[in-house]
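Asker: just a sequence and a predicted model for now, questions to come.
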Amino acid sequence: MSGEGRGVVWTDEPWMRRAIAVAAGSVQTGDVPVGAVVYGPDGQELATGHNRREATGDPTAHAEVVALRAAAAVLGSWRLSGCTLVVTLEPCTMCAGALVLARVQRLVFGAWEPKTGAVGSLWDVVRDRRLNHRPEVHSGVLEAECAALVRDFLSGLRDPGGGDRAVGTGLAGDGDRRADR
Ligand SMILES: [Zn+2]
């Protein structure tokens, strides 16, 4: 999946490895591991975010929103033109909407999220022609590794030592928990 297209595309895999590393921060607080990194137009890392909804009690604290807010703070502007958002999991409707509003130029994501995904799975918010900004999308980057992050986390919840969070996490039918990141 790398080495194609325009000049910066070859960096997608190393950038995704960085997002995978960032996702580890979620696990400590019992949050589903999802990691996001925003890179500036020059390829410099601007900000990172990991899912911390459980940690903060904030329903909007998805990795992408956390990273977009932090990147905007670094730039001093809500407008992230020319930036790339790299995230381990297909964004939901909220996050897809946020990255469109932020004018992110490129979205790179790893694993598909069939339960909630809004970049092709359930909806395709970022390529909706009715919107005035449509980021480029590069999907499936290090897909297997990104999917394993979530799968391993959920299987850990099912372990006997997983405690009271081990609720409703059947692998194929784990819609509630998996969608509920
Ligand atoms: Zn989201």
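Answerer: Yep, that arrived.

Asker: which residue is the nearest non-sequential neighbour of the residue most central in space within the chain?
Answerer: Taking Cα atoms, centre = their mean, the centroid of the chain lies closest to Val87, which sits 3.3 Å from it. Leaving out its chain neighbours, the residue that sits closest to Val87 by Cβ to Cβ, 6 or more residues apart in numbering is Ala36, at 4.2 Å. Heads up, the C-betas are built off the backbone N, CA and C, glycines and all.

Asker: in which helix or strand does that neighbour reside?
Answerer: Applying DSSP states H and E as the criterion places Ala36 in strand 35-39.

Asker: swap in Val86?
Answerer: strand 84-89.

Asker: what is the mean pLDDT for stretch 101-115?
Answerer: Stretch 101-115 carries an average pLDDT of 97.

Asker: list the buried ones in that stretch?
Answerer: Residues 102-113, 115 are the ones in stretch 101-115 that count as buried (16 or more other Cβ atoms under 10 Å).

Asker: re earlier: what sits against the residue nearest to Val87?
Answerer: Counting by Cβ atoms under 8 Å, 6 or more residues apart in numbering, Ala36 makes contact with 19, 22, 48-50, 63-64, 66-67, 85-88.

Asker: do Glu145 as well
Answerer: Going by Cβ under 8 Å, 6+ apart, Glu145 touches Met16, Ile20, Gly110.

Asker: what values do phi and psi take at it?
Answerer: phi -70, psi -40 (degrees, to the nearest 10).
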